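S.K.: output the structure for:
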Amino acid sequence: MLQGAIRAALIAVQVREKQMQGCEMIAHVGEVIDIARPAGVLRHVNDRADVALTAGADGVPLVSPISASRCAPIAGRNLVVGVSYAQPGRSPARLEDGADYCGVGAMFASSTKDDSPRASPICDPL
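M.R.: Numbers count the residues shown, from 1 in each chain. Take a look at the predicted model:
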């Protein structure tokens, strides 16, 4: 599936594995990176700066309440650190905490996240 997405012009892949831990997750992320890196696809690992660094990923989106400043000692300058938010007004504070980028979600209904709050389609300026 990843190879097909790369052929269709994928520019970034985000590994979200909430059940995997330790060596299993590092191995899985390593496999994703081995496929994505030659195509120039950016590789990110949700919430796990330790796994992202160990496996050689490019970044870590922090989707949990972990702050960018708390992640910085692990990420250093080796990872791009992202944050996400669902409510208008929270993005500047999260960016001021040291994040490199901010994602907004979820915007639309999803069959995989029925209970997710929806972000406002009117975003505050960054």
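
S.K.: which parts of this structure are helices?
M.R.: Using DSSP state H, the helices found in the chain span residues 2-7, 22-36, 49-55, 68-75, 91-96.

S.K.: next, count neighbours for D58.
M.R.: By other Cβ atoms under 10 Å, the residues close to D58 number 18. Bear in mind the C-beta positions are built from the backbone N, C-alpha and C, glycine included.

S.K.: which residues does it contact?
M.R.: 42-44, 52, 79-80 (Cβ atoms under 8 Å, 6 or more residues apart in numbering).

S.K.: let's see 10 Å
M.R.: With contact set as Cβ atoms under 10 Å, 6 or more residues apart in numbering, D58 has these partners: 12-13, 33, 36-37, 41-45, 52, 78-80.

S.K.: need those residues in TSV with distance to M1, can you?
M.R.: What follows is the contacts of D58, written out as TSV (distance: Cβ to Cβ, whole Å):
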residue	distance to M1
A12	15
V13	11
I33	16
A36	12
R37	17
V41	13
L42	17
R43	15
H44	17
V45	18
A52	21
N78	28
L79	25
V80	24
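
S.K.: out of these, which end up buried?
M.R.: Buried members of those, scored by 16 or more other Cβ atoms under 10 Å, are 13, 33, 36, 41, 43-45, 52, 79-80.

S.K.: quick one on the thing from earlier: out of the contacts of D58, the closest to S64 would be?
M.R.: When the contacts of D58 are compared for distance to S64 (Cβ to Cβ), V45 wins out at 12.7 Å.

S.K.: look up how far M25 lies from the nearest residue to the closest one once chain neighbours are set aside.
M.R.: For V45, ignoring the flanking residues on the chain, the nearest one in space by Cβ to Cβ, 6 or more residues apart in numbering is A52 at 4.0 Å. Per Cβ to Cβ, to the nearest Å, A52 is found 10 Å from M25.

S.K.: could you tell me which residues touch both of these two?
M.R.: Between them, A52 and M25 share these contacting residues under Cβ under 10 Å, 6+ apart: 15, 45.
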